Each structure stands twice: as C-alpha cells, then as structure tokens.
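>>> Structure for this input, please:
(chains A and B)
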Amino acid sequence: MKRSFARRAQLIAGVAVLVMTAVAGCSTRGASGTTGTGDAPKKSSPSTVRVALVPGGAHPYFQPWKATMSKAKADFGLGAVTFNETAEWDQAKQNNLLTSLAAQGYNAFGIFGVSPTDINSTFSDLKSKGFAVASLGSCPAGGADKADFCLSTDVELAAYRAAQADIKAMGGHGTLVHLTGNNVDSNTQRRIAGVKKAVAETNGQVKLLTTVTDIDTDVQTAQKAVSDLLTAHGSAINGIVSTAYNPAVAAAAAVKRGNLPIKIVAIDDDPKILAGIGDGSVAATVTQNPVGQAYVGSWALTQIQSGACQVRTPGVVVDSGSFVVTRGSVATYDQERQAKTKELLSSFKSTVLSCS
Amino acid sequence: MNTTEQVGQPGTDRPPPGRPWTVRSHRLPPGSIQRLGLLAIIAVLVFAFGSARSSFYNQQLTVFPLLRDIATFTVVGLSQMAALSVGHMNLAVGRMAAFSAMFMGLAYQDWHLPLYPGLAVGLAAGAAIGSLTGWIISATGVNSFVVTLAMDFALLGLVSLVYSQFSTTAAFTTQPAGMDGLRTYSLADLCAGNVCGSPAIPQILLFTGLAMLVVGYLYARTRVGRELLLVGSNIRAARLSGIPDRRRVILAHGLSGTLAGLAGFMLAVTSGSFTAGIGSQFMIPSFLGPILGGTLLTGGVVSVVGTLLGTALVQVIRQGLTTLGVGLESLDVYLGVILLLTLSAGRIGSVVSHRRAVKTR
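Predicted structure coming up:
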C-alpha cells in the first residue's frame, strides 16, 4: 500500500511539473485586452467623459469628494460622475470595483489606492485599456507613479509639520508620543518618518517616547490605546501628535476629561477636532484638501480623457496642500484652502498639462 | 464515512420495487444534489445579473477579474477545507498566507530567485508553519480554534516585524520575470499553434485547477485521504483502527498551510506586490466556500468541487451587486440575504427529498 501511495504521489508530482512547464512555456503572446495605443486620443466633448472617484473604503476624509463631484459635473459639463466607496479597504475588491465601473461606461478614474505598493499595477491595467487615471489623496509607494498624475497631500510633510506644531506648543522640549494607523501601510511609514525628522531637528530637546500604530480601526480601539498610554506614561508625556483620525479624537477627549497638561496636535478638520481647538484641548490640527483633490482632479481627468490636454510629465506628483490650524486660524483656514484649490487649477492649466 | 468525492458508489437507500422513477433520483448522492443546486443558483444569478446589466458579460472587465478572484478564493477555501476534513478549523489561514508570501517576497527581493523557485520556498514555509500548528494541536490536545487563533496573533506580530525590518514601504515590491504576465495573461495568450484559449479565462486559474486536482485526488483516491476523513469523522474509531491520527492531523494542517501559501502567492500576483496585509481578508471567505459547497464543519466530509462552486456563488453575488451599483450600506445586506436564501434553499431541498423518501417507504 505504501508503494502504491508513493507511486500515486509521484504521478501527482509529475502532472504538477508538466502543467507548470506548460504554463511557463506557452505564454508567447502579449497580454490580451491591451487596447491602449499610446497615441494621443482624439478630441471629444467633455460630455463624453464619465468620471468615477473611488476611495479605498468608507472614511470621513472622502465625504467632501461626494459633494464636489456634483459641482464638477455642472461646472465642467461632464457626461456622468459617480463616487463609490465600497472597496472596503481591500485592494482586490477595489480592483474589481474599478473594472466593474469601467464595464458600466466610466472612462476616467480618480483613485485613492488601498495599497500604495500595489496600486501601480491597477493604474497600468486601466491605462492600458485607454482610460485616464489619477492617483488622488495618496501616491504610489516607491517613487514611480503609473497614473497620469498624482494629486495628494504629501503625508510625510504633513506629519512633519504636525510634529513641528506640537513641538512648538510644548515649548521646544519634552516628551512626544506619535499615534498613527496601520503599521504595514507605506503611508504610515512615511508619517513615522516625518515625525522622526521633526524630533531629530530638536537635537535631543524633544524625545519621541513611542509610536503607537494600528489604532485607527475604530474609535473604541483608539480610546483603549490612549487610555493605556496615559495610565502607563501620562505624567511623562508633554505632547501627542496624531496622524490618524480616530486616535486624534480619542486623545483629545481623554486629555480634556483628565484635564492633563498634554499638547495635542491632530489631523483633519472633523467638527470634534475643531471644537477641541476652540476649547483649547487640542493645540492644533493639520488639515488636508480633499475638495481640491476631487475638483481639480476631475477637471484634469476630463481634459486628458477628452483629448484636449496631455500630461507634460506622466506620473507627475502635485502636493494638494496641508494647513496647520490653530486657535488663531480656525475661522480663516478654509479661505486659505480655497485659495490653494484655485492655485492648483491654474497650475494644472499652465504647467502640469499641455493643452492644444 | 462519506466523502462527496465518492460519486458513483452504490447507493445504500435502495427504493422499493414498483417506483422506478425514484430510483434515479436517489442514485445521486446528497453531495451531488447540493452541488447541482449550487450550479443552478449560480446559473440563475449569472442570467439575472446579465439581464439587468449587459456589462456583467463583459469578458475583460467583468468575467476575467471575477474568475481571477474565484481562482484565489477557491484555493483559500481548499486551505480551510483541509483543516475541516479532520474536524479542525484554521483561523490563521490568512496569516499563514501572509507568512508564506513574506518568504516569497524575501526570495525575490533579497535572494533574487526566479518565479517558481520563489513560489516553492513560500509553499515550503506555508507547509512548515501549518505542520507546526498541527503538531502543537496534536501534542498538547488543545482545541484547534485556540491554537490557530494564537498562531494568528503570533504571525501577525512576526510578519509585521519582518516587513518593517527588511523593507521601507512595508512591502516587497520586486517582481520576478513572469509575475506581471501571470496577473494579466488569459488563456488567449496561451496558444498551441494557432489555437488559443478564451480571453475571459485568466491563466492564474490553472493554479487553482492544479490544486483542486491534487487535493481531490488525495481525498477521493488515496488511503491517506480516507484516513484524514476518518480522523475527522471519528478520531477514536480512527485510532482504534490503527490510523496514526496525530500524523494525519499534522498532515491536514500542513496541507492547509501549503494551500494558504499558494493563495497568498496568487493574491500577491493579482495585486502586484508582497505585503503584510496579504490574507487579512481571507478568514470568512475561507469558511464560506467549503461550507456552502457541502464540507462539514464537524469533519469527515469534504467537497473540492463544492468549494469551487460555493466560492463562485459568493463572488458572483458580490460582482453582480457591484455591477448593479449597489451602495456600501446595502451591498453586505443583500449579500447576507442571498447567501441565507441559498443555504435555506439547500436545506429545504434536502428536507423535501427526505420526506419524499419516507413517503415512498
């Protein structure tokens, strides 16, 4: 019986090797379905362009995209627009969603990729099928960008500025803690690098006590992590910089509740954070420009897909801006942000795109 | 012992004479009826989604990615099925995929291995971690739920640690020659002379076919496979029959780890890089496919084809709803309701056929 089993095992191994060899040896043609020619597309009306904005999943950050899409459709005369947040932070699901939208007739895509190291493959696939593609809100990792352009917050710069603001609020010395999101996301690694850079510039005046990762999944997780942190090191901490949304909300609430002398710098402009700046429990927040990303991104995608313009340097990265908001600027920061959006639009018209 | 792979065995429920029409209906084993039911439901859904939106039949934009997902998640289902066959479960199936993918990423990035040797390294890592899990379960006698849950946590930490140590972007992005082709190539790119395959069928599906062949052969045609099922069905009886139950448990978990590694490779190929996040979405689908397909949670009964059909059903529903433009709030609700109806339909069918069988007596 043992011999029989050994023979069968050999048979299976033989079949396996044969199939693998066949698969490896027969791939003689290029990928089917590649329809892109590389030539400039023929000019068409903006009404032929159907723009889809696809975030990596549901998150408060992307909600301004939804409202901005309708404005972009009216302002630019687009054929159709859609906002779809059903990717559930899974790259495979996002890829399927994108191809499904393409099958439904959408031909220009603004994408916040789930996985910065994988999203270039998705961009290449869509580009090869003749669609205009923009990386919005996050750029691919590794320097190369296979989309037409990337319009995003420079996350390392934003984290650096947040840490600088916190260090300033702490009086230039003391102990800092960094709260952030998914440790295995390359954007998180960039944020960690930004905070470390700001701390290093203090020449030892500020010490980074710890970087707490993976606590942006929900408010409860963040609350527990902040509570544990304050229990263990509360008296030793002078500042908390949070580069993720849920830990920022949790830290602001915990510090306010305990009336602790800890300076908090948060991320984004959620009403809770802005209220915290108003009552002094949050020292500052670093806001981004999601409206500018969606509006300017939609315009540029329309110009590229309709053939009116081409990107001068394919894969160019444009910073959509980040703004440090303190108690003094809480009433005026949105004007600054709107001005940045206007500046971005004119910059795309004059330098990023080449229009005939 | 009942494996749904043993189609064609003489039926034990011989109908009474004089009712020939019931003979035919009872010759089909229950597993086959369930699989045919699944196939019918999938066909109805494909027709319904296609009628509602013709874009559901788009070969390159809908069918190709759908089959690519079915390919990967079927292997994920087979991985869980291997553990279920001995009455265990593998909660670390996703993390084992990440562990194997990590070795493959290291093999390609730091050791500069070609595609298939790198895959072999990853599969060996998966087999090793799976076997270790099986050994812990059989040596300590602790429930597989607890051991695999603990393994899941341990691997989560280990994988994150290695990625942060060896990469700056929490991923291994080196792609060996042929990897990009596997992601985009279909059978239309696989030609024998002038005859090429369909552009709707991804080449990566061949890995799934191969895995199904090997696993199906193991359970349906070998003594070891039957021993695995007997261990799952009744471990005391298996032990008394002289079956080395501990070794069979280790084998089942080793097989589960190997298949998880293969699924991790397929997902990395589909996505483009080897990241620590690979497999984080595997756990629930790993149970859905086999259970819908007729594999028992209690062990002793497995179905390889059923796992494919169960996985296909879930993916067809998801793809169909996405094509219809169902929003995030509704998508999971519809998915849950359709799955519940499908499971209920199977159960109602078996109850009706059981009542008919009783009446005929």
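
>>> hey, let's count contacts and neighbours off CA atoms from now on
OK.

>>> Show me what the mean pLDDT comes to for the biggest helix by length in chain B.
In chain B, taking DSSP state H as the definition, the longest helix is helix B:328-360. The predicted model gives helix B:328-360 an average pLDDT of 73.

>>> do stretch B:233-241 as well
Averaged across stretch B:233-241, pLDDT comes to 93.

>>> Can you point out the buried residues in it?
Along stretch B:233-241, these residues count as buried under the neighbour rule (16 or more other Cα atoms under 10 Å in any protein chain shown): B:Ser233, B:Asn234, B:Ile235, B:Ala238.

>>> In the chain, mark out all the strands, start to finish.
Using chain A here. Counting by DSSP state E, one finds strands in chain A at the ranges A:50-54, A:80-83, A:108-111, A:132-136, A:149-152, A:174-179, A:206-212, A:239-242, A:263-267, A:284-287, A:309-311, A:316-319, A:323-325, A:353-355.

>>> could you do chain B instead?
With DSSP E, the ranges of strands along chain B come out as B:171-172, B:191-192, B:195-196, B:274-275.

>>> circling back: counting contacts, what elements does the longest helix of chain B pack onto?
Applying 3 or more Cα pairs under 8 Å, 6 or more residues apart in numbering or on different chains; DSSP states H and E, one finds that helix B:328-360 contacts helix B:30-52, helix B:304-323.

>>> between the buried residues of stretch B:233-241, which is nearest chain A?
Using Cα to the nearest Cα, B:Ala238 comes nearest to chain A of these, at 17.7 Å.

>>> residues contacting that closest one?
With contacts defined as Cα atoms under 8 Å, 6 or more residues apart in numbering or on different chains, B:Ala238 is in contact with B:Glu227, B:Leu230, B:Val231, B:Asp245.

>>> returning to that earlier point: can you list the strands of chain A in TSV and add mean neighbour count, distance to A:Gly278 and mean pLDDT?
Compiled in TSV, the strands of chain A are given as follows (neighbours: other Cα atoms under 10 Å in any protein chain shown; distance: least, Cα to Cα, whole Å; pLDDT from 0 to 100):
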stretch	mean neighbour count	distance to A:Gly278	mean pLDDT
strand A:50-54	26	33	96
strand A:80-83	19	32	94
strand A:108-111	28	34	96
strand A:132-136	28	30	96
strand A:149-152	26	28	94
strand A:174-179	22	22	96
strand A:206-212	17	26	94
strand A:239-242	30	18	96
strand A:263-267	31	13	92
strand A:284-287	26	10	92
strand A:309-311	20	42	93
strand A:316-319	19	28	93
strand A:323-325	22	11	90
strand A:353-355	17	41	92
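
>>> Relative to chain B, which of the ones you listed is closest?
Ranking those by their distance to chain B (criterion: Cα to the nearest Cα) puts strand A:80-83 first, at 9.8 Å.

>>> what's the angle from the longest helix of chain B to helix B:30-52?
Note on geometry: by axes from the mean of the first three to the mean of the last three Cα atoms, to 10 degrees, helix B:328-360 and helix B:30-52 are set 140 degrees apart in direction.

>>> Helix B:328-360 vs helix B:304-323, what angle?
Between the direction of helix B:328-360 and that of helix B:304-323, the angle (the same axes, to 10 degrees) works out to 140 degrees.

>>> Just the pLDDT at A:Ala74, thanks.
pLDDT recorded at A:Ala74 is 94.

>>> Kindly report the same for A:Asn187.
So, for A:Asn187, pLDDT stands at 81.

>>> For it, grab the count of nearby residues.
Taking other Cα atoms under 10 Å in any protein chain shown as the neighbour definition, A:Asn187 ends up with a count of 24.

>>> wait, what's in contact with it?
Per Cα under 8 Å, 6+ apart, neighbours of A:Asn187: A:Pro116, A:Ser138, A:Ala141, A:Val155, A:Glu156, B:Thr169.

>>> quick check, distance from stretch A:281-292 to the centre of its chain.
For stretch A:281-292, the separation from the chain centroid amounts to 15 Å (computed by Cα atoms, centre = their mean, to the nearest Å).

>>> And stretch B:219-234, by the same measure?
The chain centre lies 18 Å from the centre of stretch B:219-234; the measure is Cα atoms, centre = their mean.

>>> Which parts of it count as buried, going by neighbours?
Buried residues in stretch B:219-234, defined by neighbour count with 16+ other Cα under 10 Å: B:219-220, B:222, B:224-234.

>>> and B:Val142, what is it in contact with?
B:Ile136.

>>> For it, what are phi and psi?
For B:Val142, the backbone dihedrals are phi -80, psi 150 (criterion: degrees, to the nearest 10).

>>> And B:Val301, by the same measure?
Residue torsions, per degrees, to the nearest 10, at B:Val301 are phi -130, psi 130.

>>> Now do it: how many residues are near it, please.
In terms of burial, B:Val301 registers 27 neighbours under the definition other Cα under 10 Å.

>>> quick one: it and B:Ile291 touch, right?
No: with contact taken as Cα atoms under 8 Å, B:Val301 and B:Ile291 are classed as non-touching, separated by 10.4 Å.

>>> How about stretch B:148-156 and chain A, any contact?
No: Stretch B:148-156 does not reach chain A (Cα under 8 Å from any Cα of the partner chain); its nearest approach is 10.5 Å.

>>> and that stretch, average pLDDT?
Here the mean pLDDT over stretch B:148-156 is 95, rounded to a whole number.

>>> okay, that stretch in CSV with CA atoms only?
Coordinates of each C-alpha in stretch B:148-156 appear next as CSV, following Å, rounded to 0.1, in the frame of the first residue of the first chain:
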residue,chain,number,x,y,z
THR,B,148,-4.8,28.6,15.4
LEU,B,149,-6.1,31.8,17.0
ALA,B,150,-2.9,32.1,19.0
MET,B,151,-0.9,31.3,15.8
ASP,B,152,-2.8,34.1,14.0
PHE,B,153,-1.7,36.6,16.7
ALA,B,154,1.9,35.3,16.7
LEU,B,155,2.2,35.5,12.9
LEU,B,156,0.6,39.0,12.8
